[in-house]
Structure formats: structure tokens, C-alpha cells
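Student: generate coordinates for the sequence data below:
(chains A, B, C and D)
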There are 2 protein chains.
Amino acid sequence: MTNQLDSFFGAMADPTRRAVIERLASGPASVSELHAPHQMALPTFMRHLKVLEDTGIVRSIKKGRVRTCHIEAAPLIEAQGWLAWQREIWEGRLDRLDALAHHIAKTENGENDAP
Amino acid sequence: MTNQLDSFFGAMADPTRRAVIERLASGPASVSELHAPHQMALPTFMRHLKVLEDTGIVRSIKKGRVRTCHIEAAPLIEAQGWLAWQREIWEGRLDRLDALAHHIAKTENGENDAP
DNA sequence: TATTTAGTTAGCAATAAGACTAAGTATCTT
DNA sequence: AAGATACTTAGTCTTATTGCTAACTAAATA
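Tutor: Reported below is the predicted structural model:
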């Protein structure tokens, strides 16, 4: 994947990884604690964690044999910003979309999905 | 992919698809118009478009031989909401994270990446 | 010191994702 | 009617993702 947003959205596309984020949002946790609610094998789970770390969404610190993970704010904020930006742009155009819809309704014959 | 957010984030993880959203944010466009700035073959591009449509991010109407696409707001709003929600939760905990950071700094010996 | 605990590494199998070419269909345009 | 235009469909290939098991290391604990 190329940039920050690619890897961020890619990371968030998996339910296991989103669940980890949801858990970490309410405070740091060890790998075992994060793994507990998930049925998959630990190594599989670790790989999800690695995806989150590589993307910079999660940071971790190992003390003794325990690795503690926590959220890093920046990537989520960036993604939220991108979405907000898109929304601003298209909401400024909603009037035009509306006009298009009316135009189509009047000219008839429009299809809504693949024929 | 399981739910709405899975498919939304999955869809947004690709730069071509994000570019399409960025283009459509400023107004509807035909398949050819959307395809023009991208180097890939049309069928490949169409598949990206299909991903966006399947996810409900884009809607299209075919009139004659031209298919016109436009953005559907709901999925972006939902994703933005999820991100905002996570952020609210963890921002309410930033004091704790800060405390953790200080604690770690004091107890030393913490590592920051895979050993 | 022996065992358990917590995480790590390595390697494999199945599926999904992304890109291509080639060929087809339905509309315009001339 | 013939040709160009705007998609569509079908089929193949390569790489990435997601899951597994087995075996390993380092740090507690009994």
C-alpha cells in the first residue's frame, strides 16, 4: 500500500483489528488481554496487531515478558479529517445532485443497477 | 467482509477508489470521465467502481450507453461517526495514557519495537 | 532449578484482491 | 446501414491476506 490513508483504511477493514482499536480506546492492554476475546490462534492475532503497529495506529512497549499496547491518535485523526473534507465538498454540491435527480426523474428511462 | 464498516474501510483502502470518491465529491461523472485520469484498463477500473457500488458508497444510473455515478452520503457518515466515537472514548482517557507514559519513563527498560 | 507463562518465529495452505487481454452488446453518429 | 463509442462479460495470472500448526525464547514462579 502506498500512503498513510491506504494503510490506515486497510487496517480498519478487518473486524478483529477494529475490535482491538475499540478495546484500546478505553485504555492500554497486554497482548494476551487483547487476544482473549478472539477465537483465533495467538500468532494469527499477533499478525493483526503487527498490521496495526506498522500502520502507526497502535504502539507497544515490552516490559519483562509482557507487551503493553496503546492507541496512537494521529492516523485516526487524519482519516477522520479526510472523510470530513470529502463530506464538506460534496455537501456543498448537494443542491446540484438534487437538481440532477430531478432532471433524471423527468427525462425518465434511468436504470439503477447493472442491467 | 462482514458488516458495513468492513466493506466501507475495505473500499477506502485503495487509492484508485479514494480518487474516485474525491472526484465524485465535486459532482457526478460518467464511467469514462472517472476512468480517464487512471492508467489501468477499463475493466480493471470498472471493478473498483463495482466495489464502491456494492458498498453503497456510489450509486449510478445508466441512460443510453452512458452510466453516470454519484456519491451516496450514508456510508461515509457512518464511518466518520465510528472514528469520532473511538476518538471520544480514548480522548476521555488521555490522562491515563499520559500517566502510563510517565510511569514507563520512570520504570525504564521499556522497548519500543519488536526486539 | 524445573515449570509455567507470555510472546515470537517459521513455514504452509486457502482465499481474496487487483491487474490484464480478448471478445461481446447496446447506443449513438455519420 | 456501417462504424464508432461506452461500457460489459469472461477468463487468466500474480500477489497479498488470513488463517493454521509446530517449535522456540525469555521471564516469572513454585
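Student: the helix or strand hosting A:Gly10 close to DNA strand C?
Tutor: Using DSSP states H and E, A:Gly10 falls within helix A:4-12. No: using CB under 7 Å from any atom of the strand, we find that helix A:4-12 stays clear of DNA strand C, coming within 8.1 Å at best. In short, each C-beta sits where N, CA and C put it, glycine included.
Student: can you state the direction angle for that helix and helix B:4-12?
Tutor: Relative orientation of helix A:4-12 versus helix B:4-12 (axes from the mean of the first three to the mean of the last three CA atoms, to 10 degrees): 150 degrees.
Student: show me what helix A:4-12 packs onto, helices and strands only.
Tutor: On a contact count with 3 or more CB pairs under 8 Å, 6 or more residues apart in numbering or on different chains; DSSP states H and E, helix A:4-12 meets helix A:15-25, helix A:42-54, helix A:73-91, helix B:4-12, helix B:15-25.
Student: how about that helix: buried residues?
Tutor: A:5-12 (16 or more other CB atoms under 10 Å in any protein chain shown).
Student: ok, now stretch A:60-69?
Tutor: So stretch A:60-69, judged by 16+ other CB under 10 Å, has buried residues A:60-62, A:67-69.
Student: now stretch A:13-29
Tutor: A:13-18, A:20-21, A:23-25, A:28-29.
Student: ok, and the closest non-adjacent residue to A:Leu42?
Tutor: A:His35 (5.9 Å; CB to CB, 6 or more residues apart in numbering or on different chains).
Student: what's the burial count for the one you found?
Tutor: A:His35 has 20 neighbouring residues, counting by other CB atoms under 10 Å in any protein chain shown.
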